[in-house]
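After the sequence you'll find the predicted model.
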There are 6 protein chains.
Amino acid sequence: MVELTRRATFSASHFYWNNAWSTEQNEKVFGRCANRNGHGHNYTLEVTVAGTPDPVTGFVVDLKWLKDVMEREVVDVFDHRHLNFEVPEFAKIVPTTENIAIAAWKRLEDALAHASTARLTKVRVYETPEIFAEYRGEA
Amino acid sequence: MVELTRRATFSASHFYWNNAWSTEQNEKVFGRCANRNGHGHNYTLEVTVAGTPDPVTGFVVDLKWLKDVMEREVVDVFDHRHLNFEVPEFAKIVPTTENIAIAAWKRLEDALAHASTARLTKVRVYETPEIFAEYRGEA
Amino acid sequence: MVELTRRATFSASHFYWNNAWSTEQNEKVFGRCANRNGHGHNYTLEVTVAGTPDPVTGFVVDLKWLKDVMEREVVDVFDHRHLNFEVPEFAKIVPTTENIAIAAWKRLEDALAHASTARLTKVRVYETPEIFAEYRGEA
Amino acid sequence: MVELTRRATFSASHFYWNNAWSTEQNEKVFGRCANRNGHGHNYTLEVTVAGTPDPVTGFVVDLKWLKDVMEREVVDVFDHRHLNFEVPEFAKIVPTTENIAIAAWKRLEDALAHASTARLTKVRVYETPEIFAEYRGEA
Amino acid sequence: MVELTRRATFSASHFYWNNAWSTEQNEKVFGRCANRNGHGHNYTLEVTVAGTPDPVTGFVVDLKWLKDVMEREVVDVFDHRHLNFEVPEFAKIVPTTENIAIAAWKRLEDALAHASTARLTKVRVYETPEIFAEYRGEA
Amino acid sequence: MVELTRRATFSASHFYWNNAWSTEQNEKVFGRCANRNGHGHNYTLEVTVAGTPDPVTGFVVDLKWLKDVMEREVVDVFDHRHLNFEVPEFAKIVPTTENIAIAAWKRLEDALAHASTARLTKVRVYETPEIFAEYRGEA
């Protein structure tokens, strides 16, 4: 059993805001992230799949195929987008790094489940080189 | 003569748009960057000053002072902001990496000129690790 | 359950020395690290906490609060210090990367336990980009 | 119990090819990697061992010794070599990142088992900064 | 005048060999690089152009266009290739980092000269993160 | 004319202190760097030489030779040392990044002048990834 990981990047805008709160409460909890004009990041997405290398190809998965799945399911949807306004998952939940990792997992899970004998084991999202969230599909 | 460089980072949103053009023309020229909801980046700012190390302190400039100047003049103004809407330089010019480097230079030039015997020689701005612009104050 | 990680850096001096040994024995075991004038590193501290994102804020923990805890409990104590002489944990044990990771864990564990529903799951310390130790609080 | 990791790098050539297939089939499955002139990478090898820091030295293992083992068992064998032609493991299996990680594990496992109370827990191999495989010795 | 730089990467094989020399002489001068099976690297190409940002677009050059030129002129020719055997420049000269930088400059110079008001000012090629060569078109 | 650069790293301790000043004055000017127990860094040294690639070898300089010179003249002298106490240049001048760059230049200049047709053009020293000084031998 080998874990194989591929990285991709996307650039997106977001802000943190709770409509049920006053502006003061939003600014107190979310600080500079509450600026409703939005700010942005170069995100790095790391997708890990686990499996046994195919004895003929040596592949856990075809990395070209994995790249295509990552681009179609996540990068093309998030890149150069405003996450709050243009990505449905974030219409009602705050696009924190934690929630972006969960959203990316859910988008990838089905695509990877139907097409491969390897299974998705980990999604890591870096908001900056100093901050990252990791989700393994566990409650 | 030694050149001394300090880095800082800021996260901001922007988009590329020319009001004199049609939507089609903006999308043709600016591609995904024409999305008016904005997208964003983790920018890295590199500021270089040149001078002779002080024989007593060994400093070209006090790096703590340089950090404060960079934060006050650039980082606090650009960080967690939407460059098009919240930074005056970009009300009428497009916030490309090239123009951000020029704007940062202009903001730093005066502050550094009045307070130090070293002189500003270079401002480099990375939009991503793959793309950067450098300005030396030359026409 | 999501794991959220934040990085910080500190610069410190240390050396490796066992008072019960001769100079020759210290130099044989510890090599250049036995230089009692000390040498130093830019350390990177990675702190990981695990929890379920709050449904309202989307936070596993407030990253601003986590930064403050990391600075108060570890960075302010270790940064620009000589670990052997100024950090109590290393009065009698050698400040290897392994022991620094354990010391940082112990300093963080209580502070994080009292203040948050998330729990500390991992502390990683890089001595250089080529060497790092990771502690998960397990015997 | 602490995990201690050390990195090393090597530069090598490889290509992907299955003699049982036609050229067309090889190119269809392996794409540009099927070029039999070979291409190459700067690989990064990360070796992780786990143990309890020695109460006297503070070491899980002596990192100088670990470096020597890594060089003797893996780096000296793989570096500046054509993996398909010069490394026996890849005479009949394809030198994918997955298989390189398994081969490095097997080379390190015995050397580390005989010489230390710490045990090998993880081998990670980066083919590029964007792609890596990790093996933990599990079927 | 602003300098704008874009990076790209390619993976290639090479070896160092002079047909006029004996094997011993080649191994003495070129060391492990004289292995005629080849070895390889992940190269990074940095291309810098200089110009005045267009007052309407804010562009020194369109970075999408620059990327296409870099891919067509250099990356597609060098990537996943054996430089000695498959890139004409290296049929008779040794593919050192220095010569790769010069070759990339020559390939880019014409393409950039015909298509843009900005001019090529610098080509930097990294063989590894520790070694790079830079060429500015000067004799 | 091509510029060829090689990197090396060293870990060292230092502090900033002027014997002619009171403790208060030292702490005011040098802040945390005035801690006389010392603190340390992982320094990166970048050495650049310029020349025309040899038509036979393709080398501006032999990088193995350059590595040996860098190790003998700088790395072996500075690595795992306390710069204030063990490196003669810093007996009377403060080991700032600026002064370390000048000291490295002077150590390399003669060695490179006597042994090669290429000439030293630049020495860059990183104290951290955020701070670096560059010296070109100019008054």
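Noted; the coordinates are in hand. Numbering: from 1, shown residues only, chains lettered A, B, ... in the order given.

From the rest of the structure, what touches the lowest-mean-pLDDT helix or strand in chain A?
When each helix and strand of chain A is scored by mean pLDDT, DSSP states H and E, helix A:97-115 comes last, with a mean of 93. With contacts defined as CB atoms under 8 Å, 6 or more residues apart in numbering or on different chains, helix A:97-115 is touched by A:43, A:45, A:47, A:49, A:65, A:69-70, A:72-74, A:77-78, A:83, A:87, A:89-90, A:93, A:118-120, A:123-127, A:131-135, A:137, C:2, C:4, C:53, C:58-60. C-beta here means a position set from N, CA and C on the backbone, and glycine is covered the same way.

Show the buried residues in the residues you listed.
Taking 16 or more other CB atoms under 10 Å in any protein chain shown as the criterion, what is buried in the contacts of helix A:97-115 is A:43, A:45, A:47, A:49, A:69-70, A:73-74, A:77-78, A:83, A:87, A:89-90, A:93, A:118, A:120, A:123-127, A:131-135, C:2, C:4, C:53, C:58-60.

Okay, and which of the residues you listed map to strands?
A:43, A:45, A:47, A:49, A:120, A:123-127, A:131-135, C:2, C:4 (DSSP state E).

Between strand A:131-135 and the least confident helix or strand of chain A, find me the angle.
Following axes from the mean of the first three to the mean of the last three CA atoms, to 10 degrees, one obtains 40 degrees for the angle between helix A:97-115 and strand A:131-135.

Report the angle between helix A:97-115 and strand A:119-128.
150 degrees.

Buried ones in whichever strand or helix holds A:Thr9, by neighbour count?
A:Thr9 is part of strand A:2-14, with elements assigned from DSSP states H and E. Applying a neighbour-count criterion of 16+ other CB under 10 Å, one finds A:2-8, A:10-14 buried in strand A:2-14.

Farthest pair within those?
A:Val2 and A:Ser13 (36.4 Å; CB to CB).

Considering only chain A, name the residue that lies closest to chain D.
Going by CB to the nearest CB, chain D is nearest to A:Gly58 of chain A, at 3.5 Å.

quick one: that residue and D:Tyr16 touch, right?
Yes: counting by CB atoms under 8 Å, A:Gly58 touches D:Tyr16, with 7.3 Å between them.

Look up the residues that both of those two are in contact with.
By CB under 8 Å, 6+ apart, the residues touching both A:Gly58 and D:Tyr16 are D:94-96.

which of those residues lies closest to chain B?
Chain B has its nearest neighbour among the shared contacts of A:Gly58 and D:Tyr16 in D:Thr96, at 26.3 Å by CB to the nearest CB.

Need the nearest residue in space to that closest one, chain neighbours excluded.
A:Gly58 (3.7 Å; CB to CB, 6 or more residues apart in numbering or on different chains).

Quickly note the distance from the one you found to chain E.
A:Gly58 is 17 Å from chain E, where distance means CB to the nearest CB, to the nearest Å.

Read off the pLDDT value for that residue.
With respect to pLDDT, A:Gly58 scores 97.

do A:Arg6 as well
A:Arg6 carries a pLDDT value of 98.

who's in contact with it?
Going by CB under 8 Å, 6+ apart, the list of residues near A:Arg6 reads A:46-47, A:63, A:66-67, A:70, D:130-131.

Show me what it is bridged to.
A:Val47, D:Ile131 (DSSP bridges).

residues contacting A:Asn18?
A:25-26, A:29, A:94, C:56-57.

can we see that at 10 Å?
Under the criterion of CB atoms under 10 Å, 6 or more residues apart in numbering or on different chains, the neighbours of A:Asn18 are A:25-26, A:29-30, A:34, A:94, C:56-58.

In a markdown table, list those along with distance to C:Ile100.
Shown next, in a markdown table, are these (distance: CB to CB, whole Å):
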| residue | distance to C:Ile100 |
| --- | --- |
| A:Gln25 | 39 |
| A:Asn26 | 39 |
| A:Val29 | 33 |
| A:Phe30 | 33 |
| A:Ala34 | 36 |
| A:Val94 | 35 |
| C:Val56 | 36 |
| C:Thr57 | 32 |
| C:Gly58 | 32 |
